[in-house]
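K.L.:
Based on what follows, work out the 3D shape:
(2 chains)
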Amino acid sequence: MRELSFTVAAREGLAEEMARDETVFVVGEGIGERGGNFNTTVGLYELYGPERLRDTPIVERGFVGMCTGAAMTGTRPVVDFMFLDFILDAMGELINQTAKIQYMSSGRLTMPIVLRGCIGIGGASATHHSGNYYPIFAHLPGFRVALPSTPRDAKGLLKTAIRSDDPVLFLEHKSLLNTKGPVPDADADELIPFGRAAVRRAGGDVTVVALCLMVNRTLEAAADLAHDGIAVEVIDPRTVAPLDVDTILESVRKTGRLLIVDEDFAPAGIGAEISAQVTERAFDELDAPIRRLNGLQTPVPYSPPLEAALVPTRERIAAAIRDLVAE
Amino acid sequence: MHAAAEVADHTGLELDKNRLLALYREMLLIRRTEEQLARSYQKGDIPGACHTYVGQEAVAVGVCARLRRDDVVFSTHRGHGHALAKGVPPREVMAELFGRATGCSRGRGGSMHLFSPEVGLMGTTGIVGPNILQATGAGYSFRLLKNARVSVGFFGDGAVNNGAFHEGLNLAAIWDLPVLYVCENNLYATEVAFGAATRNTDVAERARGYGMAGVAVDGNDVLAVAAAAEEAVRRARAGDGPTLLECRTYRTRPHAEGMRDGGYRTPAEVDDWKRRDPIAALRARLLGSGTADEEEFAAVDAEITAIVADALRFATDSPYPDPATATAHIYSDG
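P.N.:
Below you'll find the model as predicted:
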């Protein structure tokens, strides 16, 4: 298998879907000739021109509403927000319209729209360019939410997102964009299904569910702990809506211990949901209380020491796992 | 009040007798359906809200008369008229307000959320503004698919000071999208007078700011509306871009049934507009010109009365949706 960066793999997925289906088009700021601030569309304008690589004015509400109408009438828009923080200007459209129209039309309209953007804390991006926001969408009926952590998943989940008839948030952590990993050949046409978690590392002592960038950090921590004889099972849900609780339960039944690591906030978050569902369905299998390790619940500060204070690190993840195993 | 002098005169439309009577018939269908819905609301047969279109019938009928079945309409909370004019069967509109499984949204919508994509009604919305953007997006699809279809967004004066109006019209203008933006200026956004909501109450004039065509017509004159719509639709289909069509009209019933209709307008103003009733005006015009006689109008009246009675029976007799389906259709796979 080839080694590709996360960005190149995702872009390959987009390019393949645009070649396969001429109703797919992209809108965003600077995604035309420029190829996107995060290089999401480099080389595609030359192939498909301005109607399918549509540079827009800075009107998030406007182009989200527009793409909602487009998705209702036979085309498949991919909205490239650049930074996901910019989606917030369009929340009324998304929540009241995009997510509800399939239901309101009693299934006679579909909503094949992809909403992609970069998330995550890092690089002194500061308050308006560092948000995560995925629990908001996972809470609401109508959305699918993909959180790829590897280049292979970035490509395969994006291809699934573009072929989906539901609104899909495809969220890319900024700190993952340049990471590299194996990706099947282009002709493999690999689609990664939604709602199927990946077991990234097998282990019998403790289950750690990690999201997005935290998957990589947790794998590093698990490697450290292996030297001390602690066998960590690392699960990457890959999508948080739908959420594959069955794979988590299967692991917890084996280990009896569960930690959820998430860069985003703890209150009303994905970890809270996982914890509730595991408690409801496997309380008797737990040997210790379920633990969460989250980013701090605060707007994201600029200065590097302040910023670094927010996010779980390899060391803090390892310490949290040790605590849980000792429980 | 609307300044009559600013309203363009459109008399160039040539319609034969059948088409003229069809316009009358469609307007009457909306009026009688709305009157029945108002009675049903008063009886308690409609479990939720009911926003009637009484007084504004000429706008929906005039515009939709110039559309093809595969053209699409995105409408508002006051959308019964648009639904009927676009071809949603009266039975399905009535049943939807009654909350029945046979309604056009299968009981998921009610007065404010009518869907019938089969005839190009892409939804009516309870939020002011989003349908302007969705109409723009349908225009984008049609441009991309190169199919010469046209998209229409209906909205009130209450929407034109909302950001969706600005963003949607600007996007359509940049890309010459085949969209018709129809502002039904009925002078009040719920109960806030248009003059209290903007310095510039000339909606059509705003088109110039976006670099698109803008036209104002007497929204109570169905022929004027149809003529203006004809030109706008021709422009859109030819790839010559969007049009902002301001139809100056008036809602003669309260914002919603059951609401107190005072404190923001006077009974005298309402009575004045009732004298400018679009249906009576067309009838008088066609009688005056000898195009149709009393007997023909009586036949249409009887036909509409029967259709509305049938719709009411259908709605009353229809089953409620199965509670087990309450979460169906959230996603495309179920």
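K.L.:
When you work out contacts or count neighbours from here on, use the C-alpha atoms and nothing else.
P.N.:
Will do.
K.L.:
where exactly do the strands run in the stretch 151-300 of chain B?
P.N.:
B:151-156, B:179-185, B:188-189, B:192-193, B:213-218, B:243-248 (DSSP state E, counting those that start in this stretch).
K.L.:
relative to strand B:179-185, how tilted is the last one?
P.N.:
In this case it means strand B:243-248. Relative orientation of strand B:243-248 versus strand B:179-185 (axes from the mean of the first three to the mean of the last three C-alpha atoms, to 10 degrees): 20 degrees.
K.L.:
Strand B:243-248 pairs with which strands?
P.N.:
strand B:179-185 (parallel), strand B:213-218 (parallel) (DSSP bridges).
K.L.:
for the third one, same thing?
P.N.:
Neighbouring strands of strand B:188-189 in its sheet, by DSSP bridges, are strand B:192-193 (antiparallel).
K.L.:
From the opening residue of stretch B:325-334 to its closing one, how far?
P.N.:
10 Å (C-alpha to C-alpha, to the nearest Å).
K.L.:
how distant is that stretch from the center of its chain?
P.N.:
29 Å (C-alpha atoms, centre = their mean, to the nearest Å).
K.L.:
buried stuff in that stretch?
P.N.:
Neighbour counts over stretch B:325-334 (16 or more other C-alpha atoms under 10 Å in any protein chain shown) mark B:329, B:330, B:331, B:332 as buried.
K.L.:
hang on, the first one packs against residue A:106?
P.N.:
Right, the one you point to is residue B:329. Yes - under the criterion of C-alpha atoms under 8 Å, residue B:329 makes contact with residue A:106 at 5.8 Å.
K.L.:
shaky segments in the stretch 201-334 of chain B?
P.N.:
Residues of the stretch 201-334 of chain B that meet the criterion pLDDT under 70 are absent altogether.
K.L.:
How many residues are close by residue 223?
P.N.:
All of this is about chain A. Close neighbours of residue A:223, defined as other C-alpha atoms under 10 Å in any protein chain shown, add up to 16.
K.L.:
wrong chain, I was asking about chain B
P.N.:
28.
K.L.:
One more: residue B:259?
P.N.:
Residue B:259: 9 neighbours (other C-alpha under 10 Å).
K.L.:
among the strands paired with strand B:243-248, which is the most enclosed?
P.N.:
strand B:179-185 (a mean of 28; mean count of other C-alpha atoms under 10 Å in any protein chain shown).
K.L.:
For that strand, C-alpha coordinates in PDB please.
P.N.:
Extracted in PDB, the C-alpha atoms of strand B:179-185 (Å, rounded to 0.1, in the frame of the first residue of the first chain):
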ATOM      1  CA  VAL B 179     -34.400  32.100 -10.000                       C
ATOM      2  CA  LEU B 180     -37.500  34.200  -9.500                       C
ATOM      3  CA  TYR B 181     -37.600  36.000  -6.100                       C
ATOM      4  CA  VAL B 182     -41.200  37.000  -5.400                       C
ATOM      5  CA  CYS B 183     -41.700  39.400  -2.600                       C
ATOM      6  CA  GLU B 184     -45.300  39.500  -1.400                       C
ATOM      7  CA  ASN B 185     -45.200  42.900   0.200                       C
END
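K.L.:
What parts of chain A come near chain B?
P.N.:
Residues of chain A lying close to chain B by C-alpha under 8 Å from any C-alpha of the partner chain are A:23, A:51-52, A:59, A:61-63, A:65-75, A:93, A:97, A:100, A:102-111, A:141-142, A:165-166.
K.L.:
let's see it at 7 Å
P.N.:
Contact residues, chain A versus chain B (C-alpha under 7 Å from any C-alpha of the partner chain): A:51, A:59, A:62, A:65-70, A:73-75, A:93, A:102-107, A:110, A:141-142, A:165-166.
K.L.:
need the contact list for residue B:40.
P.N.:
residue B:46 (C-alpha atoms under 7 Å, 6 or more residues apart in numbering or on different chains).
K.L.:
So it belongs to a helix, correct?
P.N.:
Yes - with DSSP: H, G, I helix; E, B strand; the rest coil as the criterion, residue B:40 is assigned to a helix.
K.L.:
Return the residues of the stretch 1-150 of chain B in contact with chain A.
P.N.:
B:105-106, B:108-109, B:115, B:130, B:133-138, B:140-141, B:144.
K.L.:
residues in contact with the residue in the stretch 201-327 of chain A that chain B sits nearest to?
P.N.:
Relative to chain B, the nearest point of the stretch 201-327 of chain A is residue A:242 (11.0 Å; C-alpha to the nearest C-alpha). Residues counted as contacts of residue A:242 (C-alpha under 7 Å, 6+ apart) are A:144, A:194, A:195.
K.L.:
Just send the residues you listed back as a markdown table, with pLDDT too.
P.N.:
Output for these, formatted as a markdown table (pLDDT from 0 to 100):
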| residue | pLDDT |
| --- | --- |
| A:144 | 98 |
| A:194 | 98 |
| A:195 | 98 |
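K.L.:
related to what we said a few turns ago, just curious, which of the buried residues of stretch B:325-334 is nearest to residue B:321?
P.N.:
Nearest to residue B:321 among these is residue B:329, at 13.5 Å by C-alpha to C-alpha.
K.L.:
A helix includes residue B:14, no?
P.N.:
No - in this structure, residue B:14 is coil, not part of a helix, as judged by three-state DSSP.
K.L.:
The nearest residue to residue B:98 once chain neighbours are set aside: what secondary structure?
P.N.:
Closest residue in space to residue B:98, ignoring its immediate chain neighbours: residue B:46 at 5.0 Å, by C-alpha to C-alpha, 6 or more residues apart in numbering or on different chains. Put simply, residue B:46 is coil when judged by three-state DSSP.
K.L.:
Which residue ranges of chain A form helices?
P.N.:
A:6-20, A:44-52, A:60-71, A:91-92, A:101-104, A:134-139, A:151-163, A:213-226, A:245-255, A:270-282, A:304-308, A:314-326 (DSSP state H).
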